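Enquirer: everything below, folded, please.
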Amino acid sequence: YQRRVHGGGENCEYYAKGALSHLVEVIAECLVKQSESNPDDWNKASAAGTCLCLIAQTVEGEIVPHILPFIQSNINNPNWRYKEAATLAFGSILDGPSSEVLEPMVVQAVPVMLTHLTDSHSLVKDTTAWTIGRMAELHPEPIVQRYLQPVLEGMVKTLEDHEPRVAGKACWALINLFGFWEDEQDSSRYPLTPYFPTLVTALLKTTDREDANEDNLRSSAYEALNALLTSASTDCLEFVKQLIPVLLERLQKTMSMGVGSGTERQEQSAIQGLLCGALQVSARKLGDKVAPFTDSMMTLFLQVFSTRSSTVHEESLMAVGSIANALGKDFEKYMQAFSVFLFMGLKNYQEYQVCNIAVGVVNDIAAALGQKLAPFCDEIMTILLENLRAYELNRDVKPVIIACFGDIALNIGGAFEKYLQVVMAVMNQASAIEVPENDEEMQDYLNTLRQTLCEAYTGILQGLKTEKPDIFLPYVTQVLQFILTISQDRKTDEPVFRACIGVIGDVANVFGKKVQQAMQADFIKNMVMTAANSQDMETASAGRWTAEQLQRVLS
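Expert: Here you go, the predicted model:
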């Protein structure tokens with residue numbers, strides 16, 4: 001399996017194919033060895049299901065004739081163990097065989113699964129909801145085209161199951177189903193509109209269950225709600241607007257929760273994070289239509305930032321980023337109060353995910369405010385530069401910071417001049433990093449770093465182009481030397497190569513004849529020619545554009 005699916009160093013010999021009949025016989029025997037006392041514990045049946053999943057991914061369609069007789073003969077067996085085992089077996093082979101093989105089986109299976117959702121045994125219902133979720137994830141068309149209403153009705157009913165574990169599986173199934181229409185804009189192709197209010201109500205009701213803390217049910221229900229909101233087409237935006245006051249009221253109530261113990265604080269933080277996540281998705285979906293609610297949202301988010309939970313800070317920061325994207329320059333009125341918490345997030349080395357998201361929010365705010373960000377840039381740039389020097393900050397954040405320099409420059413234009421010298425020195429230092437050739441993880445990191453360096457160079461060039469392009473001219477040699485180094489590295493990946501081509505084109509576009517001599521270098525001509533003739537459409541397009549810029553410079 002590791003060789004077949006994950007591309008291990010040796011070819012897969014497919015030994016499993018020759019032993020399929022024997023393997024499936026043993027697996028079928030183990031599938032009926034379920035544990036009733038602790039169904040979530042690792043046992044023979046769950047191990048057998050996992051093994052069957054891996055075999056199906058390895059041998060693909062060849063698993064079907066071997067396991068199908070077991071499924072067909074037991075899917076309606078009155079003995080719950082055999083019924084659950086057959087359901088698990090079917091769910092386990094859904095990833096591997098082609099859609100052409102499986103979709104006819106899915107069409108036949110959905111009505112059976114809907115019946116199983118009302119079975120008297122909780123493990124049958126649990127596995128059935130999981131199997132429907134697998135079908136929705138891997139082969140959604142039969143559900144969407146034939147069974148949408150009964151499946152939605154079945155899932156909504158299952159959300160009320162007395163077992164939180166079963167209700168949680170229903171949430172997961174809905175998440176996968178809603179993902180079929182992720183960010184759908186065309187209301188004519190979005191069939192969930194008639195069900196939207198019912199689904200929202202059912203999911204909110206699930207988050208309020210007394211046992212919602214068990215089996216991550218509350219979290220699963222909010223994730224399903226977010227998936228539904230993300231899928232919403234334009235004709236559902238009024239429903240989304242109506243939901244925001246409900247979410248704000250819930251977030252307000254968390255501020256007065258009793259938090260005497262550590263467990264209570266954790267519960268408060270978890271609920272606040274989930275609500276901030278739902279508000280973030282709502283704001284992103286509504287765009288500028290969220291404006292009537294942003295005062296209330298920002299007031300509550302600023303209160304949330306006073307807590308010490310990194311999870312809440314992550315979700316609330318992303319929500320503020322969505323508001324900035326929605327409001328554009330009108331976000332300025334919140335910036336003074338929010339900047340205090342933004343700076344705290346940027347300085348949070350210990351919880352680097354918070355720092356990483358805070359850098360992303362800087363990008364959002366820069367795009368929203370443009371030159372109105374300039375009054376806050378001294379503090380932002382100081383913190384970002386200190387972060388790059390901080391040994392204790394997780395290295396994965398540092399490429400994100402470098403890319404952020406480009407976003408800031410692109411949006412504040414000539415005001416970036418005061419930071420240019422130190423930023424270019426830092427970027428020159430970063431471009432000289434070397435990693436061991438046999439360390440694939442570090443090679444991936446180096447490619448990511450180089451791509452973000454290119455993106456930053458592009459952002460700075462484009463930001464300075466209108467007002468003060470010539471202040472970048474002394475650094476052209478530095479940029480081209482960096483690109484030369486990349487051209488000589490055989491482990492450079494396609495995105496980095498394409499980004500280099502873009503930077504060459506930007507330099508030629510911004511400076512024209514001033515860089516004529518530098519643009520005559522053979523490595524530049526070779527890279528651009530290779531790009532223009534690439535089989536990769538994006539690279540070829542970038543190569544053709546850069547070739548046009550070079551032609552103007554060299555003619």
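Enquirer: over to L225. Which of the three states is it?
Expert: Reducing the assignment to helix, strand or coil with DSSP: H, G, I helix; E, B strand; the rest coil, the entry for L225 is helix.
Enquirer: just give me the neighbour total for it.
Expert: Neighbour count for L225, taken as other C-beta atoms under 10 Å: 28. Every residue, glycine included, has its C-beta placed from N, CA and C.
Enquirer: thinking it is in contact with A278, fair?
Expert: Yes: L225 is in contact with A278 according to C-beta atoms under 8 Å; the separation is 5.8 Å.
Enquirer: quick one: the helices in the stretch 51-200 of the chain?
Expert: 64-74, 80-92, 99-116, 122-138, 141-146, 148-158, 164-178, 196-207 (DSSP state H, counting those that start in this stretch).
Enquirer: quick one: the first one to chain centroid distance?
Expert: Centroid displacement of helix 64-74 relative to its chain, using C-alpha atoms, centre = their mean, to the nearest Å, is 36 Å.
Enquirer: how about the fourth one?
Expert: Averaging C-alpha positions (C-alpha atoms, centre = their mean) puts helix 122-138 23 Å from its chain's average.
Enquirer: quick one: list the elements packing against it.
Expert: The criterion is 3 or more C-beta pairs under 8 Å, 6 or more residues apart in numbering; DSSP states H and E, and the helices and strands that helix 122-138 contacts are helix 80-92, helix 99-116, helix 141-146, helix 148-158, helix 164-178.
Enquirer: now do the longest one, average pLDDT.
Expert: This points to helix 99-116. Averaged over helix 99-116, pLDDT sits at 94.
Enquirer: also the shortest one?
Expert: Along helix 141-146, the predicted local confidence has a mean pLDDT of 93.
Enquirer: one more: the last one?
Expert: In this model, helix 164-178 carries a mean pLDDT of 96.
Enquirer: okay, the angle between it and helix 148-158?
Expert: Following axes from the mean of the first three to the mean of the last three C-alpha atoms, to 10 degrees, one obtains 150 degrees for the angle between helix 164-178 and helix 148-158.
Enquirer: so what secondary structure elements neighbour helix 164-178?
Expert: When contacts are defined as 3+ C-beta pairs under 8 Å, 6+ apart, helix 164-178 sits against helix 122-138, helix 148-158, helix 196-207, helix 217-231.
Enquirer: which among those is found nearest to F239?
Expert: helix 196-207 (5.2 Å; C-beta to C-beta).
Enquirer: quick one: buried residues of the closest one?
Expert: Neighbour counts using 16 or more other C-beta atoms under 10 Å place 196, 199-200, 202-204, 206-207 of helix 196-207 among the buried residues.
Enquirer: how about JSON lines for these, with pLDDT and distance to L159 added?
Expert: Rendered in JSON lines, the data for the buried residues of helix 196-207 read as follows (pLDDT from 0 to 100; distance: C-beta to C-beta, whole Å):
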{"residue": "F196", "pLDDT": "95", "distance to L159": "15"}
{"residue": "L199", "pLDDT": "97", "distance to L159": "10"}
{"residue": "V200", "pLDDT": "97", "distance to L159": "12"}
{"residue": "A202", "pLDDT": "97", "distance to L159": "5"}
{"residue": "L203", "pLDDT": "97", "distance to L159": "7"}
{"residue": "L204", "pLDDT": "96", "distance to L159": "10"}
{"residue": "T206", "pLDDT": "97", "distance to L159": "5"}
{"residue": "T207", "pLDDT": "94", "distance to L159": "10"}
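Enquirer: could I get these as a markdown table with distance to I401?
Expert: Output for these, formatted as a markdown table (distance: C-beta to C-beta, whole Å):
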| residue | distance to I401 |
| --- | --- |
| F196 | 40 |
| L199 | 40 |
| V200 | 38 |
| A202 | 42 |
| L203 | 37 |
| L204 | 38 |
| T206 | 39 |
| T207 | 36 |
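Enquirer: from these, pick the one nearest L248.
Expert: Nearest to L248 among the buried residues of helix 196-207, counting by C-beta to C-beta, is L204 at 13.3 Å.
Enquirer: excluding chain neighbours, what is closest to L31?
Expert: Excluding its sequence neighbours, the residue lying closest to L31 (C-beta to C-beta, 6 or more residues apart in numbering) is A85, at 3.7 Å.
Enquirer: how near is that neighbour to M298?
Expert: Computed with C-beta to C-beta, to the nearest Å, the distance linking A85 and M298 is 53 Å.
Enquirer: please identify which of these two sits among more neighbours.
Expert: When neighbours are counted by other C-beta under 10 Å, A85 and M298 differ, and A85 comes out ahead with 29 against 19.
Enquirer: ok, that one - contacts?
Expert: Residues near A85 by C-beta atoms under 8 Å, 6 or more residues apart in numbering: 28, 31-32, 34, 45, 70, 74.
Enquirer: now L410
Expert: Contact partners of L410, counting by C-beta under 8 Å, 6+ apart, are 366, 459-460, 462-463.
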